[in-house]
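A.B. asks: structure for this input, please:
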Amino acid sequence: MPRVLIADPLSEAGLALLREAGVEVVELGTGDRARLLDLVEDADALLVRSRTKVDAELLRAGRRLKVVGRAGIGVDNVDVATATELGILVINAPTANLMSATEHTFALLLALARNVPAADASMKAGEWDRNRFVGTELQGKTLGIIGLGRIGQRVAARAKAFEMNVVAFDPFLDPDQGPRLGVDLLLLDDLLRRADVVTLHTPYTEQTRDLLNAARIALMKPGALLVNCSRGGVVDEAALLKALESGHLGGAALDVFADEPPKDLSLAGHPKVVATPHLGAQTAEAQERTSTETAQMVLAALQGSYAVTAVNLPFRSSGGSRGEPYLRLGEQLGRLSSALLRSPLKRVQVDLWGIDEGLQFPLTLAVLKGVLSPFLGTAVNYVNVERLAQSRGVETVRAAHGEPGEYPALIGVTLHGSDAGADGRVELAGTLFGDRQPRVVRFGRQPLEFRPEGKLLILRSFDVPGNVGKVGTLLGEAGVNIADIHLARKDGEEDAWTILRLDEEPPQSLLERLAALPQMRRVHLADLGRAGEPA
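C.D. replies: I've put the predicted structure just below:
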């Protein structure tokens, strides 16, 4: 009989499903770490919410552990890399709180627009001050949605019911989908300039960290409102506080913070801020859905099914599988090509030479996951990536070929954007050296070999003398060390590519100085992580 350890309080509905399926349910009941480490030794599955930290120590203590179920969307409290190394499947419940998060967005927006918390506090203090709490109507205003995924689309539909105009920014949504959704798709800066209210619905990733920084907040309309029910860290909180204190922004409604609970309450306690303690999923209905959805996924995983919402590889990464290094390579090629594309994505083409038939479909999913992950984060996994691409109007094409000739196996990735021209198409190809070491071996139409890992500064420039020297000088002056450098050009063409692996992430000011060089055509920065990270 499988044993499932419940580390955090879970709705009875999910527990009942587990018991009915004949598994043994063990409830921890308290946050006692020592007891948790003891009980996990004999558990086949571990279910947690956000309280329990599922770190490497806990995972390694679970000698029989096959599945970790996170009752919620985020897996920030789970060491996914170690779980994958140990062959432990990590699953979550990505759809359970869609409605509750959508409705909380409007709860905060209406409370902010109509001064509900302040007016309520005034009434409770025995006051009757109607003139002090003049609000703002939503009708006729423009709502700017950053991230038009499942929650963002639900917010858009409800904003239409309030007779708002809706614009959105989502780099992974095909522009042709905008009219279908009744939404004008804009570039981020254009959205910020146009919107009366901005609401965020993006995951927290390296690409979305401080997505709304001081410069972008300055683009917003004077008096505009900001709502964030997504993730803390996508808004620069210091810059937001400054914009509120200066009067540039009319107010902010926040359910999430960079540190939770926040140690500094200057933002949450600001008179222009409506704040709640991460209540987006805190409804009775969402808690029940989360519990039952997670329980169903855990049961399926214990029965050997991979048709679950897994956030890591559906096989043991430590088992020496020949396919795993190829999947990591495919995902890295996807991430790198995504960083290079300067146009809304329309099609992902994967060409495979010398790849075993059984690996061709997983490899395509790995590339697609890499392409979408920079913006969608852990919401993307091998189970849902194809559906997420289809919902955004992204076409996926796979073509298998024979032996590539120069290499025993080769993975080609081509991204097609909606805009014509060089910036609307990206081509890469990679292979494995010694069956384990990933390499990019083709960059566009040019042969170029480098490892798809680490912090890569990718420069496209005119092929003129002194270019590399000027770049090196600027990096040196900024204290950014170059780990290695790769150059490529094709005789008779004016374009040259320079790939630099850096030890430190260059500041934005340095990237702007590089882009301002007269010979420079394009500057890209891609952080692909460590070589040994699981896909």
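A.B. asks: the stretch 301-450 of the chain: strands as residue ranges?
C.D. replies: 345-353, 395-401, 410-417, 425-433, 437-443, 446-450 (DSSP state E, counting those that start in this stretch).
A.B. asks: same question, the stretch 101-250 of the chain
C.D. replies: 142-146, 165-169, 184-185, 197-200, 224-228, 249-254.
A.B. asks: tilt between the last one and strand 224-228?
C.D. replies: It refers to strand 249-254. For strand 249-254 and strand 224-228, the angle between their directions (axes from the mean of the first three to the mean of the last three CA atoms, to 10 degrees) works out to 10 degrees.
A.B. asks: now render the strands of the stretch 301-450 of the chain as CSV, adding mean pLDDT, distance to residue 461 and mean neighbour count.
C.D. replies: C-beta: built from backbone N, CA, C; applies to glycine. Shown next, in CSV, are the strands of the stretch 301-450 of the chain (pLDDT from 0 to 100; distance: least, CB to CB, whole Å; neighbours: other CB atoms under 10 Å):
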stretch, mean pLDDT, distance to residue 461, mean neighbour count
strand 345-353, 94, 25, 21
strand 395-401, 94, 31, 14
strand 410-417, 94, 21, 22
strand 425-433, 93, 17, 20
strand 437-443, 92, 14, 19
strand 446-450, 89, 14, 16
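A.B. asks: which non-adjacent residue is nearest residue 270?
C.D. replies: Closest residue to residue 270 apart from its sequence neighbours, by CB to CB, 6 or more residues apart in numbering: residue 244 at 5.7 Å.
A.B. asks: I figured that neighbour hits residue 251, correct?
C.D. replies: Yes - counting by CB atoms under 8 Å, residue 251 is a contact partner of residue 244 at 7.2 Å.
A.B. asks: overlap in contacts, the two.
C.D. replies: Common neighbours of residue 244 and residue 251, using CB atoms under 8 Å, 6 or more residues apart in numbering, are 272, 273.
A.B. asks: picking that back up, for the strands of the stretch 301-450 of the chain, which one sits closest to residue 191?
C.D. replies: strand 345-353 (18.0 Å; CB to CB).
A.B. asks: distance check, residue 213 against residue 238.
C.D. replies: 10 Å (CB to CB, to the nearest Å).
A.B. asks: break this structure into its domains for me.
C.D. replies: Using automatic domain parsing, the domain ranges for the chain come out as 3-95+285-302, 98-275, 320-452, 455-535.
A.B. asks: just put those in TSV and tack on distance to residue 312.
C.D. replies: Converted to TSV, those look like this (distance: least, CB to CB, whole Å):
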stretch	distance to residue 312
domain 3-95+285-302	4
domain 98-275	16
domain 320-452	8
domain 455-535	6
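A.B. asks: out of these, which gets nearest to residue 308?
C.D. replies: The minimum distance between residue 308 and the domains of the chain falls on domain 3-95+285-302, with 4.5 Å, by CB to CB.
A.B. asks: pLDDT of the closest one, averaged?
C.D. replies: Here domain 3-95+285-302 scores 91 as its mean pLDDT.
A.B. asks: tell me how many other residues crowd residue 92.
C.D. replies: 26 (other CB atoms under 10 Å).
A.B. asks: apart from its chain neighbours, what residue comes closest to it?
C.D. replies: Residue 92's closest residue in space is residue 70 (CB to CB, 6+ apart), at 4.4 Å.
A.B. asks: which residues does the one you found bridge with?
C.D. replies: Beta-bridge partners for residue 70, by DSSP bridges, are residue 48, residue 92.
A.B. asks: give me the neighbour count for it.
C.D. replies: 30.
A.B. asks: is it true that it touches residue 48?
C.D. replies: Yes - Residue 70 lies in contact with residue 48 (CB under 8 Å); the separation is 6.0 Å.
A.B. asks: and for the two, which residues touch both?
C.D. replies: 77, 78.
A.B. asks: chain center to stretch 471-489: distance?
C.D. replies: Taking CA atoms, centre = their mean, to the nearest Å, one finds the center of stretch 471-489 at 29 Å from the center of the full chain.
A.B. asks: ends of it, how far apart?
C.D. replies: 17 Å (CA to CA, to the nearest Å).
A.B. asks: same question, stretch 207-220
C.D. replies: Stretch 207-220 end-to-end distance (CA to CA) = 20 Å.
A.B. asks: kindly report the same for stretch 445-464.
C.D. replies: Termini of stretch 445-464 sit 20 Å apart (CA to CA).
A.B. asks: begin at 27 from now on, thanks
C.D. replies: Shifting the count to begin at 27 puts that one at stretch 471-490.
A.B. asks: quick check: buried residues in it?
C.D. replies: Buried residues in stretch 471-490, counted by 16 or more other CB atoms under 10 Å: 474, 476-487.
A.B. asks: got those as a markdown table, with secondary structure columns?
C.D. replies: Listed next are those as a markdown table, based on DSSP: H, G, I helix; E, B strand; the rest coil:
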| residue | secondary structure |
| --- | --- |
| 474 | strand |
| 476 | strand |
| 477 | coil |
| 478 | coil |
| 479 | coil |
| 480 | coil |
| 481 | strand |
| 482 | strand |
| 483 | strand |
| 484 | strand |
| 485 | strand |
| 486 | strand |
| 487 | strand |
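A.B. asks: adding distance to residue 458, write those out as CSV.
C.D. replies: Compiled in CSV, the buried residues of stretch 471-490 are given as follows (distance: CB to CB, whole Å):
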residue, distance to residue 458
474, 17
476, 14
477, 11
478, 11
479, 13
480, 18
481, 22
482, 19
483, 24
484, 22
485, 26
486, 27
487, 30
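A.B. asks: closest to residue 150 among those?
C.D. replies: residue 481 (52.4 Å).
A.B. asks: go ahead and confirm the closest one touches residue 555.
C.D. replies: No - Residue 481 is not in contact with residue 555 according to CB under 8 Å; the separation is 9.3 Å.
A.B. asks: any shared contact partners between the two?
C.D. replies: By CB under 8 Å, 6+ apart, no residue touches both residue 481 and residue 555.
A.B. asks: re earlier: how much space separates the residue nearest to residue 118 from residue 442?
C.D. replies: Residue 96 is 35 Å from residue 442, by CB to CB.
A.B. asks: re the thing from before, make a markdown table out of the strands of the stretch 127-276 of the chain and add mean neighbour count.
C.D. replies: A markdown table is the format used below for the strands of the stretch 127-276 of the chain (neighbours: other CB atoms under 10 Å):
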| stretch | mean neighbour count |
| --- | --- |
| strand 168-172 | 25 |
| strand 191-195 | 23 |
| strand 210-211 | 20 |
| strand 223-226 | 26 |
| strand 250-254 | 26 |
| strand 275-280 | 23 |
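A.B. asks: contacting residues for residue 63?
C.D. replies: 83, 84, 87.
A.B. asks: for the closest residue to the first one other than its chain neighbours, give its distance to residue 69.
C.D. replies: The spatial neighbour of residue 83 that comes closest, neighbours along the chain excluded (CB to CB, 6+ apart), is residue 63 at 7.3 Å. In this view, residue 63 and residue 69 are 11 Å apart by CB to CB.
A.B. asks: go on, residue 199?
C.D. replies: Distance from residue 199 to residue 69, by CB to CB: 40 Å.
A.B. asks: ok, now residue 398?
C.D. replies: Residue 398 is 33 Å from residue 69, by CB to CB.
A.B. asks: what's the burial count for residue 387?
C.D. replies: Quick note: residue 387 (other CB under 10 Å) scores 12 neighbours.
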